[in-house]
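*Asks:* sequence and predicted model, in that order:
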Amino acid sequence: MSTDLSEMVDRKFRKSDFRGAIDSLEKALSPAPGGRFKTLIGRRFTNSSRSILSAINDFIDECGKQFDVQAVYLEMNGFDINCDRWYFDFFGYTDYHDDPDDLDWLADWQSEYYPDVTLTGLENIQRDFESWNEDHDSNDKGAQEIAVLLVMARFVELVDSALHAGPLTKPVPVLATAHDFDIAGRWLPRA
């Protein structure tokens, strides 16, 4: 994956400039060789912000029955190799670590299994990833690498939209990214 693009996305995410990261990725994808993945430009997940916020709040409420929730992590599945269904999982924690360079603590969650949420609206892009996985056309390699970052950024954008759609039932930090990424969106409770 392009180190420069990954670093740019990480810098923008640390400033909560999710829109800026998406704009930069779309600008990089537009001239990339090959035609696959270009329909991702201007597209986003269609799940409603309110439904995502409701799911997060339901998760916090459910975890609150078992422990004092201090942080929530939302992780999109490994979408680039699992193309049949894109979704995200919920993880709850009794502690929060605010070091943006250390995401290892996310592997030690305290919540029980909670039903995942299917992501909608980018099914044609799922098919692009599926066909790319079948033939690994080298003409589309650059576009594929940008598209991976862009899909993850679109997921973070969806979470951002949800968290601005209303209050959390308990104001806790929320982190979001996709599986195997070391770049995450992070939202701290509003004062």
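*Replies:* Thanks, I have it.

*Asks:* tell me, how many residues neighbour the nearest residue to Thr169 once chain neighbours are set aside?
*Replies:* Excluding the flanking residues, the one nearest Thr169 by C-beta to C-beta, 6 or more residues apart in numbering is Asn57, at 4.4 Å. The C-beta positions use only the backbone N, C-alpha and C, and glycine is treated the same way. Number of residues near Asn57 (other C-beta atoms under 10 Å) recorded here: 17.

*Asks:* now Asn57: which helix or strand?
*Replies:* In this structure, Asn57 sits in helix 49-64 according to DSSP states H and E.

*Asks:* would you list the phi and psi of Arg186?
*Replies:* phi -140, psi 130 (degrees, to the nearest 10).

*Asks:* what helix or strand is the closest residue to it other than its chain neighbours located in?
*Replies:* Using C-beta to C-beta, 6+ apart and skipping the chain neighbours, the partner closest in space to Arg186 is Leu175 (5.2 Å). Applying DSSP H and E as the criterion places Leu175 in strand 174-178.

*Asks:* that strand vs helix 49-64, what angle?
*Replies:* Relative orientation of strand 174-178 versus helix 49-64 (axes from the mean of the first three to the mean of the last three C-alpha atoms, to 10 degrees): 110 degrees.

*Asks:* pLDDT of strand 174-178, averaged?
*Replies:* For strand 174-178, mean pLDDT is 98.

*Asks:* pull up the pairing partners for that strand, direction included.
*Replies:* strand 71-76 (parallel), strand 185-187 (antiparallel) (DSSP bridges).

*Asks:* mind putting those strands into CSV with mean pLDDT and mean neighbour count?
*Replies:* Below are those laid out as CSV (pLDDT from 0 to 100; neighbours: other C-beta atoms under 10 Å):
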stretch, mean pLDDT, mean neighbour count
strand 71-76, 98, 24
strand 185-187, 97, 20
